[in-house]
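**Student:** Need the 3D shape of this:
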Amino acid sequence: MMKTNFSLLFYLKKQKNYISGNVPIYMRITVQGKRAEIATSRDCEPGRWNARAGRVIGSKEDVKMLNVYLDQLQNSVYLAHQAVVNSGLFITAEAIKNKYLGKADNAHTLIEAIKDHNEKMKSLVGKDYVQGTLNRYKVLEKHLLTFITSKYGVIDKDIRDIDQAFLNDFDYYLRSDKNCANNYVVKNIKNLGKILRLCLEKGWMEKDPFIAYKGKTKNVDRHYLNHEELSQIVAKRFISERLRQVRDVFIFCCFTGLAYVDVFKLKQSHIQKGNDGERWIFTNRQKTKTRSAIPLLPTAINIIDQYAENKVCINNGNLLPVPSNQKMNEYLKEIADLCGIEKKLTSHIARHTFATTVTLLNGVPIESVSKMLGHTNIRTTQHYAKILDIKVGVDMNKLRKKSFLNFS
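**Tutor:** Coordinates of the predicted model:
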């Protein structure tokens, strides 16, 4: 526990117009240079007061009783200080004063707020949220616990003490101590912002510390498989059934653009005839709740037909035998090694491959790609277009073949 510079002083508080007579005795609690005062309900003549000792001078019975009373007050303040220390909260002079006076402290704490948020989110997993979203807030909770303990020497912090300096320090902690990348840091601070806005709505804090905070995400390259790499995985023959099934699920995602959670919950009822008479996938994205309508390409249809009689799929009511996300990523690493693919295979890279190699590079308009991916904003889809230098080359090659005036 971090030590705090705590002190208690008894002193006489003279009024500005004081002339003579007894003066009220006050207690002054000081923590880290900040003070809180408490009246003792006792008084004393200034000439009989020992300022150094903070006690009354004399040996009469009434003087002894007054000094014993001050000793009792001192012990009570020390006990209040220890109670605040034991609570794990940030130690302030005001907190000690309130504990001593027995005032009901209606203050709330940051960890209390995030735990409350996470409990409520947990009950909505599968309805409004996915497990991955909850996991991110649980990680944020762990980061905050470690940060608060190392920075302030306590296990929690009054929500009213969260300010711009706290955000800046937490930002620096994630970058320096935890060696986190910029976008990860910004996302954690953004998630913390949601917690603090909820506290503002509840009246737990008075001002928004995010007014001056500036954190910007940086564009990162979205990796995808090119045609050659995709062909290598499709053509690979696997002895292991589990690797073969995971490969099929991965390829299905490459040709539909579905995220892991969306293909995991996909059922036969999601496959219906589209306006062209062909089979389509009609579903709502788990992440954004937006509707996705995806015409099925021959490769995806072949995979669906291959598992139409699969007992596991029939028993579970699923379209494909999709393992847990952890197992999926574990097996994809094996598949990458066996196929000689150096890129890290994930459900994200499958989605990116659909957006690039399968659609945009084959002339599918970006508006159509955006709709199939279930993006809420076409600017999200444009990130994929920016990395397609090869597409620019193909488009410009078409332009070269057209007739232009020759300049000599």
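**Student:** need the contact list for Y260.
**Tutor:** Residues near Y260 by CB atoms under 8 Å, 6 or more residues apart in numbering: C253, V322, N325, M328, S347. C-beta: built from backbone N, CA, C; applies to glycine.
**Student:** Poorly predicted segments of the stretch 1-150 of the chain, please.
**Tutor:** Along the stretch 1-150 of the chain, the parts satisfying pLDDT under 70 run over 1-4, 89, 103-106.
**Student:** just to revisit the earlier point, identify the farthest-apart pair in the contacts of Y260.
**Tutor:** Pairwise distances across the contacts of Y260 (CB to CB) peak at 12.3 Å, for the pair C253 and N325.
**Student:** Give me the common contacts of the two.
**Tutor:** Y260, S347.
**Student:** the more surrounded of those two?
**Tutor:** Between C253 and N325, counted using other CB atoms under 10 Å, the more crowded position is C253 (26 against 15).
**Student:** Tell me the secondary structure at the closest residue to the more buried one other than its chain neighbours.
**Tutor:** Nearest non-adjacent residue to C253, counting by CB to CB, 6 or more residues apart in numbering: A350, 3.6 Å away. Under DSSP: H, G, I helix; E, B strand; the rest coil, the three-state class of A350 is helix.
**Student:** now A350: how far from A259?
**Tutor:** Per CB to CB, to the nearest Å, A350 is found 9 Å from A259.
**Student:** cool, R351 as well?
**Tutor:** From R351 to A259 the distance is 6 Å (CB to CB).
**Student:** Overlap of the contact sets of those two?
**Tutor:** C253.
**Student:** K13: how many residues sit nearby?
**Tutor:** 14.
**Student:** in terms of contact, does it touch V23 like I think?
**Tutor:** Yes: distance between K13 and V23: 6.6 Å, which falls inside the contact criterion (CB atoms under 8 Å).
**Student:** ok so, going back, looking at A350 and A259, which is more packed in?
**Tutor:** A350 (27 against 22).
**Student:** Just the pLDDT at that one, thanks.
**Tutor:** Looking at A350, its pLDDT is 92.
**Student:** and it, what does it touch?
**Tutor:** Applying CB under 8 Å, 6+ apart, the residues contacting A350 are F250, I251, C253, C254.
**Student:** so of those, which ones are in helices?
**Tutor:** When these are checked against helices (DSSP state H), the matches are F250, I251, C253, C254.
**Student:** Of the residues you listed, keep whichever come out buried.
**Tutor:** Using 16 or more other CB atoms under 10 Å as the burial test, the ones in helices among the contacts of A350 include F250, I251, C253, C254 as buried.
**Student:** Can you tell me, leaving aside adjacent residues, what's nearest to the first one?
**Tutor:** For F250, ignoring the flanking residues on the chain, the nearest one in space by CB to CB, 6+ apart is A350 at 5.4 Å.
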